[in-house]
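Enquirer: Give me a 3D structure for the following:
(one chain, ligands or ions: 1)
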Amino acid sequence: MLLPCPWCGPRNASEFRYVGEQTVRPDPATADPAEWRSYLYMESNPAGWVAENWLHRAGCRRYFAAERHTVTNQVRATRPPDAEAAPAQHADAAAAGRAGEHVREGRP
Ligand SMILES: [Zn+2]
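Expert: Sure, this is the predicted structure:
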């Protein structure tokens, strides 16, 4: 599997570390222990497209956001963590690098 780093381009998935699904941090002033436990340890784990955080640990060592399909492992977009949800330019190149797969553009 190739994963497109927003800064380095497509790289082997072994260079990356999965950080987790993107979630909204609870308000520290009002959150109770159950909300913190849910935020820190629970994931929705759907069969479909998920917004995730990844670390390019064996490359630029930067965090980034990715949209990945949990069944097919297809990645349709990556971007810096603070960027808007626009796809990075390397996403299509990584998808095209997967042998024998049809690259589908757009939404599921
Ligand atoms: Zn990188």
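Enquirer: make it CA atoms for all contacts and neighbour counts henceforth
Expert: OK.
Enquirer: Identify the residue nearest the geometric centre of this structure.
Expert: For the chain, the residue whose C-alpha lies nearest the mean C-alpha position (CA atoms, centre = their mean) is Ala66; its distance is 2.5 Å.
Enquirer: Near Ser44, how many other residues are there?
Expert: Around Ser44 there are 8 other residues, counting by other CA atoms under 10 Å.
Enquirer: What are the neighbouring residues in contact with it?
Expert: Counting by CA atoms under 8 Å, 6 or more residues apart in numbering, Ser44 makes contact with nothing.
Enquirer: likewise Glu15?
Expert: Residues counted as contacts of Glu15 (CA under 8 Å, 6+ apart) are His56, Arg57, Ala58, Gly59.
Enquirer: Provide the backbone phi and psi angles at it.
Expert: For Glu15, the backbone dihedrals are phi -80, psi -10 (criterion: degrees, to the nearest 10).
Enquirer: measure Pro26 to the ion for me?
Expert: In this structure, Pro26 and the ion are separated by 29 Å, where distance is defined by CA to the ion, to the nearest Å.
Enquirer: was I right about that residue contacting Pro33?
Expert: No - under the criterion of CA atoms under 8 Å, Pro26 is not in contact with Pro33, lying 10.4 Å apart.
Enquirer: More neighbours: which of the two?
Expert: Pro26 (13 against 8).
Enquirer: Relative to the ion, how far out is Glu43?
Expert: 25 Å.
Enquirer: What's the local residue count around that residue?
Expert: A count of nearby residues for Glu43, using other CA under 10 Å, gives 12.
Enquirer: Okay, and the beta partners of the residue nearest to the centre of the chain?
Expert: Beta-bridge pairing of Ala66 under DSSP bridges involves Glu52, Thr78.
Enquirer: ok, now which ones touch it?
Expert: Contact criterion CA under 8 Å, 6+ apart gives Ala51, Glu52, Asn53, Trp54, Val75, Arg76, Ala77, Thr78, Arg79 as the residues in contact with Ala66.
Enquirer: how about 6 Å then?
Expert: Under the criterion of CA atoms under 6 Å, 6 or more residues apart in numbering, the neighbours of Ala66 are Ala51, Glu52, Ala77, Thr78.
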